[in-house]
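Asker: need coordinates for the following:
(2 chains)
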Amino acid sequence: MGPIFTLALKDLRLLWRDKFGLFWVALFPLLMALFFGSIFSGGGSRAGNMKIALVDQVRTDQSARLAGKLAAKEVLAVSPMSFDSARALVQKGKLAAYVLLKPHADSSESFNPFAMPPIEIGVDPSRKAEAGYLQGMVTEAWFSLVQERMSDPAETKQWVNQGQDALLTDTTLPPDQRAVISRLLGSLGDYVSMTDSSGTASASPFGSAAISVVEIAVESSGPRSPFEITFPQALAWALLGCTLSFAVSIVTERQRGTYLRLRLAPLTRAHILAGKGLACFITCVGVSSVLLLIGMLIFDVRLVSPLGMLLALVAGGICYVGLMMLISVIGRTEQAVSGAGWAIMLVMAMTGGSMVPLMFMPSWMLSLSNFSVVKWAIYAFEGAIWREFTLTQMMLPVGILIGIGVTAYAVGVSILVRTDR
Amino acid sequence: MDEARVMITASHLHKRFGALTAVDDISFDIRRGETFGLLGPNGAGKTTTISMLAGILAPDQGSVRIDGSQNPMQAQTRLKIGNAPQALALYEDLSASENLFFFGRLYRLSGARLSERVAWALDLAGLTERRRDAVRTFSGGMKRRLNLACAVIHNPPLLLLDEPTVGVDPQSRNLLFERIESLKRDGCTILYTTHYMEEAQRLCDRVAIVDHGRLLALDTVDNLIARHGGKSVIEAELERLPDRPADLPGDLRDHRLRVETDCPLQDVAKLADSGLRFLTLHVHRADLETVFLNLTGRRLRD
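Answerer: Residues are numbered from 1 along each chain as shown, chains lettered A, B, ... in the order given. Below you'll find the predicted structure:
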């Protein structure tokens, strides 16, 4: 075992000194996990707000309250301004839309407690989705305002009195309409006075929606956070980086003559390849473990099955050592091996769930992913992290990984031996 | 030859790569303590021959015997061989001493003995001051010296040097020659392949001339020159013509005399004794380049 450890130590030292290689092996997978984890967890939500202008031409207490309700919405970034400025900014594409609150054109509407004031939404014709979304937001804000008004008897009484006063001075309404509105306001005033004298002043004369939020923990298994999806992917990327790094190192040694020098030493070819394999295995398991530890300590990634994870790491290491051996003999130059290696691995990563998480894959893609080694590695890691695999369930991905690894290693070695002659 | 005195026996070696015959029936013995040169142009089959001797390539026919062992791939045999490949077989991101420690460990050295050998090898390569520097920062000559040092870290009785001075400046080349001569003085048997005839002439006790995979001639440098080099030539410009120019040996044109001879020094002495005065005098001795030219009709570096 002495020469094998000596060879492995040399390779680990060389990897440590190759900062660029180390980036692909360790840092790149971590960045992938953090980047996609942050995106899926909705980090930086304010960045996605719809920017709109609010133009208040009514300037009443009600319109100010409506503007306040729109501004309070998280999904909107509201800037009050004049109509001309708002229109100009929308035209230049600096704002998604403007919301213009206009005075009632018809005086009869001012006596209707449910009538929304005239509102104009200015938006580019191509942004129909935003226009519809904004329309919904404004409507929701208005009805929320009406509900608040009707929930307070004192405010309702005040509004009824104001309406009755306005009705007395109004000369524009036809007599029959005036009579109907007068009766409505009178009945509403009587009802509010009745609820007020019965000691239920704080209660709404029209009732109010009683909505409460109750927190219920989810009992079914599944990822608790996006990082529980992205960290298994990161582990797969790390294995991929290790594989390619060591595959290229084999062809580098063959090209530069150090492999020949090793062949001239009192070693068998098996020693040399075992040394390379051991270094690759240690790096695979080591980097994966460090990434997993970062996920657990900083990003609250669970480890529901430590033994399962150990099995997954060992099987993943064996599998990718085998792939390393196979990829190292697909070309005779560093460029050929590196290029072909990345091409093969990227296809496997794409179909295997390193880019699109397995749980989001359509069924046809999930079937296709069965042919990718990356899928089985991620599946094994997820099994230990959140899929809560039993050891028996773990045997499927672990067995497939080991099987592929051993086969690939055997094929790779046989090709290497043939080309050595 | 007495088997105890022989370090390497190559017997009827053949090697083909597809349609190309790289080595065609080459046989030779190398004695213990001898520096043996394989001289030939690029592509002559030198590296293929050395690879078969080291057990890297299996000959299609023929056999190799190294220090009594018929299998150069055996670990015990490998321990007796130091090999400096033509390519700079070094780890460029490791330092000089890390390379030496690594190869030393592979040759089963450890502890104080390993440290001692590394210090010795660094001194041999003239790299003690630069031992902690990464090899990638070294000049071509320094890398060549370290390449040699890695080959002898385990103090092997047999050293295979494949074109050890390729791409080296004259100063480093001289330093390499001195180191190889020092190893030779210490009793190391050396097989030296080169296409530089000056190197073979300076370092080798015997030289085998190979071309197109075939061994053309094998002997000491002097014998090869004597047998295949042709006569030496004396060229002299005379101060004045003698009274009887017809008595002079060789060709005389104007004041220039040209004499072909087997004994150039004796003939120069005779001419001087006859009272001739020389304005210029040149003696052109045959060398291995001439030998190769006469044997193949080509120059070594064609």
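
Asker: tell me the secondary structure at the residue in chain B positioned nearest to chain A.
Answerer: Using Cβ to the nearest Cβ, the closest approach of chain B to chain A is made by B:Ala87 at 3.0 Å. To be clear about C-beta, it is placed using only N, CA and C from the backbone, and glycine gets the same treatment. State at B:Ala87, reduced to three classes by DSSP: H, G, I helix; E, B strand; the rest coil: coil.

Asker: with B:Phe36 instead?
Answerer: Secondary structure for B:Phe36, judged by three-state DSSP, is strand.

Asker: and the stretch 251-400 of chain A, which residues reach chain B?
Answerer: Contact residues (Cβ under 8 Å from any Cβ of the partner chain) of the stretch 251-400 of chain A with chain B: A:Arg256, A:Gly257, A:Thr258, A:Leu260, A:Arg261, A:Leu262, A:Arg263, A:Leu264, A:Ala265, A:Pro266, A:Leu267.

Asker: list the contacts of the last one.
Answerer: Think A:Leu267. Contacts here follow Cβ atoms under 8 Å, 6 or more residues apart in numbering or on different chains; on that basis A:Leu267 touches A:Pro3, B:Ala75, B:Leu106.

Asker: burial measure for the second one, as a count.
Answerer: By the measure other Cβ atoms under 10 Å in any protein chain shown, the count of residues near B:Ala75 is 14.

Asker: what ranges do the helices span in the stretch 201-302 of chain B?
Answerer: B:221-228, B:264-273, B:288-296 (DSSP state H, counting those that start in this stretch).

Asker: which of those helices sits most buried?
Answerer: helix B:288-296 (a mean of 20; mean count of other Cβ atoms under 10 Å in any protein chain shown).

Asker: any idea which residue of chain A is furthest from its center?
Answerer: A:Pro175 (61.3 Å; Cα atoms, centre = their mean).

Asker: could you check how far that residue is from chain B?
Answerer: A:Pro175 is 100 Å from chain B, where distance means Cβ to the nearest Cβ, to the nearest Å.

Asker: circling back: dump the residue contacts of the closest residue to the residue of chain B closest to chain A other than its chain neighbours.
Answerer: Nearest in space to B:Ala87, with sequence neighbours left out and distances taken as Cβ to Cβ, 6 or more residues apart in numbering or on different chains, is A:Gly257 at 3.0 Å. Residues near A:Gly257 by Cβ under 8 Å, 6+ apart: B:Pro85, B:Gln86, B:Ala87, B:Leu88, B:Ala89.

Asker: one more pass at 7 Å, please.
Answerer: B:Pro85, B:Ala87, B:Leu88, B:Ala89 (Cβ atoms under 7 Å, 6 or more residues apart in numbering or on different chains).

Asker: re the thing from before, want to try a markdown table for the contacts of A:Leu267, with secondary structure, pLDDT and distance to A:Val180 as columns?
Answerer: Formatted as a markdown table, the contacts of A:Leu267 follow (DSSP: H, G, I helix; E, B strand; the rest coil; pLDDT from 0 to 100; distance: Cβ to Cβ, whole Å):
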| residue | secondary structure | pLDDT | distance to A:Val180 |
| --- | --- | --- | --- |
| A:Pro3 | helix | 86 | 103 |
| B:Ala75 | helix | 85 | 112 |
| B:Leu106 | helix | 93 | 106 |
